[in-house]
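>>> With the input below, show me the fold.
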Amino acid sequence: MSLKWSGLLSLMLAAGCSVLAPQGPTEVARGEYYAAGRPEYDSFFILLHEKQVELLSAPAEPRAARQALTAVLGLTADASNDALAQRLRQEMQKLASQGLRVRLEVPTPSTAVDASATLHTSETSTPSPLRTALPQEATRLVRARNRMVSTRAELEKLRVMGITLEGGVPRAFRTEGPWKRDEVRDNLSDGQKVITLMEARAGEVELVAAQLLALIGSAATTDGSVGQTVAEPEPTVPPPKSRRSSSRGTTSAKPTPAGPLPAGKPPAPRSEGEAAGPKPVQGSAPAEIEP
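The predicted model follows:
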């Protein structure tokens with residue numbers, strides 16, 4: 001897949017986009033900044049031009065990362081992806097035989113343009129230029145990929161902004177001549193076509209970076225467990241022993257001694273056949289109640 005960008009106008013022509021007005025291409029179609037003369041419209045065209053300039057150099061980052069890796073591996077810059085992966089595996093297996101096992105950790109795609117790849121190693125004594133080259137070039141690819149993810153999101157917002165502005169042209173430029181309103185509309189219309197092309201180009205650069213990341217991530221990793229955090233099992237606390245358990249596993253309750261009957265409570269009735277208690281002896285009662 002080619003990453004050459006020979007100018008937005010040539011891409012539009014190759015894609016069959018008819019953006020050339022009868023009097024000639026608009027400023028936007030030529031990749032230039034167009035000044036409409038109204039702040040809200042100028043803000044749109046400034047952002048559009050900045051994205052055009054950004055995407056002119058976007059393919060250079062994945063290409064530079066690839067060239068740096070092929071140079072470290074002793075390959076030519078035009079080596080195929082298969083040749084690059086094969087040579088990288090060979091070099092990593094040599095390092096593994098010397099005791100150096102590695103894992104290349106690559107963050108998932110996002111809009112974070114400062115994300116980084118990490119090279120986890122089993123030891124630090126074995127020298128190799130790949131220790132520096134792998135995380136450095138992988139990080140360059142991660143940021144190129146994420147930058148395109150962010151760019152596509154920004155372009156979608158820019159598209160909506162342009163549609164809104166196009167509907168407001170008659171009101172915003174009501175005091176201008178009809179030629180001015182037509183000029184603004186033409187540049188806004190071409191802006192929509194340019195946004196479509198830029199979204200496609202951003203997706204292309206993102207795909208190239210992601211494919212190269214997947215290739216080197218797989219070829220460079222010789223031990224997937226290096227640098228992984230192992231969760232320690234939580235200690236188990238035995239349940240407290242019951243104080244009332246016996247050796248047979250049964251629970252015995254100590255008998256509660258019977259206390260004295262409450263004062264004034266009558267004695268329990270005798271059952272049939274039960275012997276009567278002794279009769280009170282005269283003189284045994286207190287003097288005040290003795291007959």
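>>> going forward, measure contacts between C-alpha atoms and count neighbours the same way
Noted.
>>> which stretches of the stretch 1-150 of the chain form strands?
Ranges of strands within the stretch 1-150 of the chain are 20-21, 24-25, 102-105, 118-121, based on DSSP state E, counting those that start in this stretch.
>>> out of those, which comes closest to residue 209?
Evaluated with CA to CA, these place strand 102-105 nearest to residue 209, the distance being 15.2 Å.
>>> Could I get the strands of the stretch 1-150 of the chain in TSV, plus columns for mean pLDDT and mean neighbour count?
Formatted as TSV, these follow (pLDDT from 0 to 100; neighbours: other CA atoms under 10 Å):
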stretch	mean pLDDT	mean neighbour count
strand 20-21	41	14
strand 24-25	83	14
strand 102-105	94	22
strand 118-121	94	20
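>>> Just send the ones you listed back as JSON lines, with distance to residue 160 too.
Shown next, in JSON lines, are the strands of the stretch 1-150 of the chain (distance: least, CA to CA, whole Å):
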{"stretch": "strand 20-21", "distance to residue 160": "23"}
{"stretch": "strand 24-25", "distance to residue 160": "23"}
{"stretch": "strand 102-105", "distance to residue 160": "36"}
{"stretch": "strand 118-121", "distance to residue 160": "37"}
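>>> Who are the packing partners of the lengthiest helix in the chain?
Using DSSP state H, we find that the single longest helix of the chain is helix 178-220. The contact analysis (3 or more CA pairs under 8 Å, 6 or more residues apart in numbering; DSSP states H and E) places helix 178-220 against helix 8-14, helix 39-57, helix 60-72, helix 81-97, strand 102-105, helix 130-167, helix 169-172.
>>> how about the strands of the stretch 1-150 of the chain, which one is nearest residue 164?
Using CA to CA, the nearest of the strands of the stretch 1-150 of the chain to residue 164 is strand 20-21, at 21.9 Å.
>>> right, so of the strands of the stretch 1-150 of the chain, which gets closest to residue 95?
Across these, residue 95 has its closest neighbour in strand 102-105 (9.0 Å, CA to CA).
>>> And the contacts of that closest one?
Outside strand 102-105, the residues that touch it by CA atoms under 8 Å, 6 or more residues apart in numbering are 117-122, 134-135, 217, 220-227.
>>> 6 Å instead, please
The contact list for strand 102-105 (CA atoms under 6 Å, 6 or more residues apart in numbering) reads 117-121, 217, 221-224, 226.
>>> Make JSON lines out of the residues you listed and add distance to residue 95.
What follows is these, written out as JSON lines (distance: CA to CA, whole Å):
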{"residue": "117", "distance to residue 95": "20"}
{"residue": "118", "distance to residue 95": "18"}
{"residue": "119", "distance to residue 95": "14"}
{"residue": "120", "distance to residue 95": "14"}
{"residue": "121", "distance to residue 95": "11"}
{"residue": "217", "distance to residue 95": "16"}
{"residue": "221", "distance to residue 95": "11"}
{"residue": "222", "distance to residue 95": "9"}
{"residue": "223", "distance to residue 95": "12"}
{"residue": "224", "distance to residue 95": "15"}
{"residue": "226", "distance to residue 95": "14"}
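>>> Closest one of the residues you listed to residue 54?
For the contacts of strand 102-105, the nearest to residue 54 is residue 117 (23.1 Å; CA to CA).
>>> Isn't that closest one up against residue 139?
Yes - assessed by CA atoms under 6 Å, residue 117 is found in contact with residue 139 at 4.8 Å.
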